[in-house]
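[1] What would the 3D arrangement of this be:
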Amino acid sequence: MRSYCILYFISGFDLYGHGQWTVRKSGLPGRNGVPGIPGLPGKLIQSGCASLAGPKGEKGATGPSGTAKSGKPGPTGPKGEKGSDGPTGAKGARGEPGTPARAPGPYGTSGVTYVQWGKKSCSASGVQTLYSGVAAGSHYQSSGGGANTQCLPLDPEWGYYKSGVQGSGASYIYGSEYELDQGIQPFINKKLVHHDVPCAVCYAANKNTQFMLPAKMTCPTGWSRAYRGYLMAEKNNHAGRSMYLCVDHNAEGTAGGGADHNGYTLYPVEARCGSLPCRPYVDGRELTCSVCLK
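    Sure, this is the predicted structure:
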């Protein structure tokens, strides 16, 4: 607590005798008197003045520890760089054998299809004939139509159709004939002139691929041969275009198909020297072929 000094001033103004105030009776106001003599300075009387400061006290004892208060989490720091890959772990134990999804089918779980031209059924061992048909394509004089030869089945199924030939509003397909009337008879059967060409679509189980190998009667090592034969296609000066087909060397004709209709015609393919190297090829010689499976 602070102490304060209280100061009193005793004025010497109008103070006479033993410190008594002179009382005057009020009368009529008089004239202004002569200015009095200045009084003596008043005496300073101290009362309750503060004492001098005492000596510095000793350091107090340490207070009890305060209770810590958790602050709010700070902001997420930036993403660190990717660390290096750790060492490869130990190899795990081998799992239990799986259960087969289903038993293999009668022809295995894989297989390929191909067409055997010139035959009514597939001749290779273990190969299934899916269906028999007739070879067909565009007319030999037509510049339009399809270029790939089709093996049409003998039991067609019809959807929507309009009776009658539609003329310019349709594309046509014709049955194929052997054209062997120029004295070229490479096949075993020598009575195939103008006969219609049969075909068979074949399924070889447990095979993954197949291809037609031109100018060869044997297949590469590790491949099996489905059949061998001779290359045939449309005549070189015909307007139509066709695929090169490998027709079986022991080709057949369809029953009653010996009439010369000249629809889609097939001729033996001969090698011509020039840009084709001779030898090994021989000018004018008919080319062989084979269909290979693996």
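[2] For the rest of this, base every contact and every neighbour count on C-alpha atoms.
    OK.
[3] beta partners for Thr265?
    Going by DSSP bridges, Thr265 is paired in beta bridges with Glu177.
[4] Look at it and say how many residues are nearby.
    Thr265: 29 surrounding residues under other C-alpha atoms under 10 Å.
[5] residue contacts, it?
    If you count contacts by C-alpha atoms under 8 Å, 6 or more residues apart in numbering, Thr265 has them with 139-140, 176-179, 233-235.
[6] try Gly145
    Gly145 touches 138, 171-173, counting by C-alpha under 8 Å, 6+ apart.
[7] mind redoing it with 10 Å?
    If a contact means C-alpha atoms under 10 Å, 6 or more residues apart in numbering, then Gly145 has 137-139, 170-173, 240-241 as its contacts.
[8] That one in helix, strand or coil?
    Under the three-state scheme (DSSP: H, G, I helix; E, B strand; the rest coil), Gly145 adopts coil.
[9] Same check on Cys151?
    Once three-state DSSP is applied, Cys151 turns out strand.
[10] what does Ala204 give?
    Ala204 ends up strand, using three-state DSSP.
[11] For the nearest residue to it once chain neighbours are set aside, give its distance to Met217.
    Among residues not flanking Ala204 along the chain, Val127 sits closest, at 4.8 Å (C-alpha to C-alpha, 6 or more residues apart in numbering). Separation of Val127 from Met217 (C-alpha to C-alpha, to the nearest Å) stands at 19 Å.
[12] ok, now Glu81?
    Computed as C-alpha to C-alpha, the Glu81 to Met217 distance reads 66 Å.
[13] ok, now Ala93?
    Look at Ala93 and Met217: by C-alpha to C-alpha, they are 52 Å apart.
[14] Local confidence estimate at Gly240?
    On pLDDT, Gly240 comes in at 71.
[15] Sorry, wrong one. I was asking about Pro38.
    pLDDT, Pro38: 68.
[16] before we move on, what about Ala53?
    63.
[17] swap in Ile184?
    Ile184 carries a pLDDT value of 80.
[18] excluding its backbone neighbours, what's nearest it?
    Nearest non-adjacent residue to Ile184 (C-alpha to C-alpha, 6+ apart): Pro268, at 7.8 Å.
[19] need the contact list for the one you found.
    Residues in contact with Pro268, defined by C-alpha under 10 Å, 6+ apart, are 178-180, 184-186, 230-235, 244-245, 247, 285-288.
[20] just to revisit the earlier point, so which of Glu81 and Met217 has more stuff around it?
    Legend: neighbour count by other C-alpha under 10 Å for Glu81 and Met217, higher for Met217 (17 against 6).
[21] need the contact list for the more buried one.
    Counted by C-alpha under 10 Å, 6+ apart, Met217 has contacts 225, 227-230, 287-292.
[22] what do you get for Cys278?
    271-272.
[23] Ramachandran coordinates for Gly169?
    Here is the backbone geometry of Gly169 (degrees, to the nearest 10): phi -90, psi 10.
[24] Tell me how many other residues crowd it.
    Neighbour count of Gly169, defined by other C-alpha under 10 Å: 6.
[25] and what of Leu152?
    For Leu152, using other C-alpha under 10 Å, the count is 19.
[26] How confident is the prediction for Ala170, by pLDDT?
    For Ala170, the model assigns a pLDDT of 86.
[27] show me the contacts for it.
    Contacts of Ala170 by C-alpha under 10 Å, 6+ apart are Gly145.
[28] circling back: now the contacts of Met217 as TSV including secondary structure and neighbour count?
    Formatted as TSV, the contacts of Met217 follow (DSSP: H, G, I helix; E, B strand; the rest coil; neighbours: other C-alpha atoms under 10 Å):
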residue	secondary structure	neighbour count
Arg225	strand	18
Tyr227	strand	24
Arg228	strand	24
Gly229	strand	26
Tyr230	strand	26
Leu287	coil	21
Thr288	strand	24
Cys289	strand	24
Ser290	strand	24
Val291	strand	26
Cys292	strand	22
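[29] what's the closest of those residues to Val165?
    Val165 lies nearest to Tyr230 out of the contacts of Met217, by C-alpha to C-alpha, at 34.9 Å.
[30] hey, what's that closest one bridged with?
    Here Tyr230, judged by DSSP bridges, has bridge partners Val247, Thr288.
[31] buried ones in stretch 243-251?
    244-251 (16 or more other C-alpha atoms under 10 Å).
[32] my guess is Gly126 meets Ala205, correct?
    Yes: in this structure, Gly126 is within contact of Ala205 by C-alpha atoms under 10 Å, at 7.8 Å.
[33] Compare these two (neighbour count), which wins?
    Set Gly126 next to Ala205 and count neighbours by other C-alpha under 10 Å: Ala205 wins out with 18 against 11.
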